[in-house]
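>>> Sharing a model prediction with you, sequence too.
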Amino acid sequence: MIIESIELKNYRNYDELHMDFSHGTNILYGDNAQGKTNVLEAIYVCATTKSHRGSKDKEIIQFDRDESHIKLNIRKKDIPYRIDMHLKKNKAKGVAVNGVPIRKASELFGIVNVVFFSPEDLNLIKNGPAERRRFVDLELCQLNKLYVHSLVQYNRIVTQRNKLLKDMAFRPDYEETLDIWDMQLVQYGKEMIGYRKEFIEQLDGIIGPIHGKLSGEKETLRILYEPNVEADAFEDVIRRSRQQDIKQKTTLTGPHRDDLSFIINGIDIRRFGSQGQQRTAALSLKLAEIELVEKTVYDYPILLLDDVLSELDSSRQNQLLAGINHIQTVITCTGLEEFVRNRFPVDKIYRVVSGTVGSEN
C-alpha cells in the first residue's frame with residue numbers, strides 16, 4: 001500500500017499543492033505553523049473522511065473560499081486508486097473513487113489504511129476514556145465496515161434517546177416510546193461490544209512482545225477491554241436503569257462509556273504508571289496497530305508521524321525508527337538532526353515554508 005501523490009486546492013494554508021512521495025521514508029521539515037501537519041491531515045481525511053484533529057470541513061477550507069479539493073493517488077497490491085475529496089462549507093462533502101462517486105463513508109474505508117501518530121497520542125493512556133474510545137473507533141472503522149454501520153446507528157440512537165429523555169420533563173407520555181429506542185440501542189450496542197472485544201484481544205496478543213522489546217524485557221504489558229456493560233446483560237441493565245436515565249436525562253449505560261486498561265506487571269498505568277511507562281506503552285500501541293493492520297488486510301498501512309520524534313528520548317526514537325523501516329512513512333519535523341544522529345535512511349526530503357513545499361532531493 002503506497003501513496004504515490006497528493007494534490008490540494010484551497011486546503012488550509014495551501015492555495016495549490018502537488019507532491020509526489022517515495023515508497024520509503026518521506027520527510028517534511030520546517031518551522032512550526034508552516035503547514036506540515038496539514039499535508040498529513042489531508043491524507044488522513046482521504047482515508048477516513050475525517051480530520052484527526054476533529055476539525056469540521058468548513059474549518060479546513062480556506063476562510064475566503066467556499067470549497068476545497070484533495071486528490072490522493074495510491075497503489076494497493078499493484079492496483080491504482082484515485083480518491084477525490086470535495087469539501088464544501090455549507091454542504092456534505094463529495095467523495096469519488098476512481099471517478100465514481102460514493103454514497104456512504106463506509107465505501108471508502110479500507111481502500112487506504114493509515115496509522116497516525118502525533119504527540120497527543122503519547123498522552124492517550126493518561127488522558128480520559130473518551131480518547132481511548134476514539135482510538136478504538138478510528139482504527140476499527142478502517143478495518144471493519146460492519147463496525148462502521150453499528151457505530152453510526154448506535155450513536156444516532158443515543159442522540160435521539162437522550163433528546164427524548166430531556167423532552168420527557170415536559171411530555172411524560174414520551175416514556176411509552178422508550179421501548180422502541182431501547183431495543184435498537186441494545187441491538188447495535190451488543191454488536192459494537194463484540195467487535196471491540198475481538199479487536200482489543202487481537203491487539204493484546206500483539207502488543208506484549210513489542211513492549212517487552214521496548215522495555216528491555218523488564219516489563220510485561222497487557223491491554224484489556226473494559227466494557228461499561230457486558231453484551232449479555234445489556235438489555236436487562238438498560239431496563240433496570242431507565243428511571244435513573246430519566247432522572248439524569250441521559251443514557252448512562254452502553255459502549256459509549258467503555259474504556260481500555262493498560263497493565264504493566266500487574267499495575268494499571270493509567271493511574272499509577274510513570275510518564276515514561278505511559279509514553280512507552282503508547283508507542284507500543286502504535287507499533288501493535290501497524291502489525292494488526294498487516295495481519296487483517298495482508299498489507300502494511302501508511303504511517304503518518306507528526307512531529308512525534310521530538311517528544312521521544314533518543315532510545316525510543318531509535319526503537320520507533322527501527323520498527324518502521326519496512327513501510328511507507330511520512331514524517332513531519334522541525335529539523336533533520338534526529339535522522340542524521342540516528343543514521344536513519346531518508347528517501348525524500350521536502351522543506352515546508354508558509355504553505356509552499358519544495359523538494360530537496
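The structure has been received and is ready for your questions.
>>> What is the burial count for the nearest residue to residue 256 once chain neighbours are set aside?
Once flanking residues are discounted, residue 256 sits nearest to residue 158: 5.7 Å by Cβ to Cβ, 6 or more residues apart in numbering. C-beta: built from backbone N, CA, C; applies to glycine. By other Cβ atoms under 10 Å, the residues close to residue 158 number 19.
>>> swap in residue 201?
The local packing of residue 201 (other Cβ under 10 Å) involves 12 other residues.
>>> contacting residues around it?
Neighbouring residues of residue 201 by Cβ atoms under 8 Å, 6 or more residues apart in numbering: residue 225.
>>> Past the lowest-mean-pLDDT helix or strand in the chain, which element shows up next along the chain?
Using mean pLDDT, DSSP states H and E, the weakest-scoring helix or strand in the chain turns out to be helix 337-342, at a mean of 67. Counting by DSSP states H and E, the next helix or strand C-terminal to helix 337-342 is strand 348-353.
>>> contacting residues around stretch 61-69?
So stretch 61-69 is contacted by 7-13, 15, 57, 60, 84-90 (Cβ under 8 Å, 6+ apart).
>>> tell me how far stretch 324-338 is from the chain's mean position?
Stretch 324-338 has its C-alpha centroid displaced from the chain centroid by 19 Å (Cα atoms, centre = their mean, to the nearest Å).
>>> Now it - C-alpha only, CSV.
The C-alpha trace of stretch 324-338 is given here as CSV (Å, rounded to 0.1, in the frame of the first residue of the first chain):
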residue,chain,number,x,y,z
ILE,A,324,9.1,1.2,10.7
ASN,A,325,11.8,0.9,8.1
HIS,A,326,9.8,-1.6,6.1
ILE,A,327,6.7,0.6,5.4
GLN,A,328,6.0,3.9,3.7
THR,A,329,6.2,6.7,6.2
VAL,A,330,5.5,10.4,6.0
ILE,A,331,7.2,12.3,8.9
THR,A,332,7.0,15.9,9.9
CYS,A,333,9.7,17.6,12.0
THR,A,334,11.3,20.9,12.6
GLY,A,335,14.8,19.8,11.7
LEU,A,336,16.7,16.8,10.2
GLU,A,337,19.2,16.4,13.1
GLU,A,338,17.5,13.3,14.6
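>>> Name the next helix or strand following the one helix or strand the residue nearest to residue 256 maps to along the chain.
Residue 158 belongs to helix 145-167 when elements are defined using DSSP H and E. Later in the chain than helix 145-167, the nearest helix or strand by DSSP H and E is helix 178-214.
>>> Quickly find the element holding the nearest residue to residue 55 once chain neighbours are set aside.
Of all residues not flanking residue 55 in the chain, residue 41 sits nearest, at 7.8 Å (Cβ to Cβ, 6+ apart). Assigned by DSSP H and E, residue 41 falls within helix 36-48.
>>> State the phi and psi torsions of the spatially most central residue of the chain.
Centroid check for the chain by Cα atoms, centre = their mean gives residue 138 as the closest residue, at 3.9 Å. Per-residue torsions, residue 138: phi -60, psi -40 (degrees, to the nearest 10).
>>> And the helices in the stretch 1-150 of the chain?
Under the criterion DSSP state H, counting those that start in this stretch, the stretch 1-150 of the chain contains helices at 36-48, 57-60, 129-143, 145-167.
>>> Dump those to JSON lines, plus distance to residue 79 and mean pLDDT.
As requested, the helices of the stretch 1-150 of the chain are exported to JSON lines (distance: least, Cβ to Cβ, whole Å; pLDDT from 0 to 100):
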{"stretch": "helix 36-48", "distance to residue 79": "16", "mean pLDDT": "93"}
{"stretch": "helix 57-60", "distance to residue 79": "29", "mean pLDDT": "88"}
{"stretch": "helix 129-143", "distance to residue 79": "18", "mean pLDDT": "93"}
{"stretch": "helix 145-167", "distance to residue 79": "19", "mean pLDDT": "95"}
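>>> so where's this structure uncertain?
Scanning the chain with the threshold set as pLDDT under 70 gives 338-343, 361.
>>> Kindly recompute the last result at 80.
54, 105-106, 313-317, 319, 322-323, 325, 337-345, 355, 360-361 (pLDDT under 80).
>>> on that earlier part again, what separates the residue lying closest to the residue nearest to the centre of the chain once chain neighbours are set aside from residue 41, distance-wise?
Nearest non-adjacent residue to residue 138, counting by Cβ to Cβ, 6+ apart: residue 48, 6.7 Å away. For residue 48, the distance to residue 41 equals 11 Å [Cβ to Cβ, to the nearest Å].
>>> Between those two, tell me which one has more neighbours.
More crowded of residue 48 and residue 41, by other Cβ under 10 Å: residue 41, with 23 against 20.
>>> dump the residue contacts of that one.
With Cβ under 8 Å, 6+ apart, residue 41 has these contacts: 12, 51-53, 55, 60.
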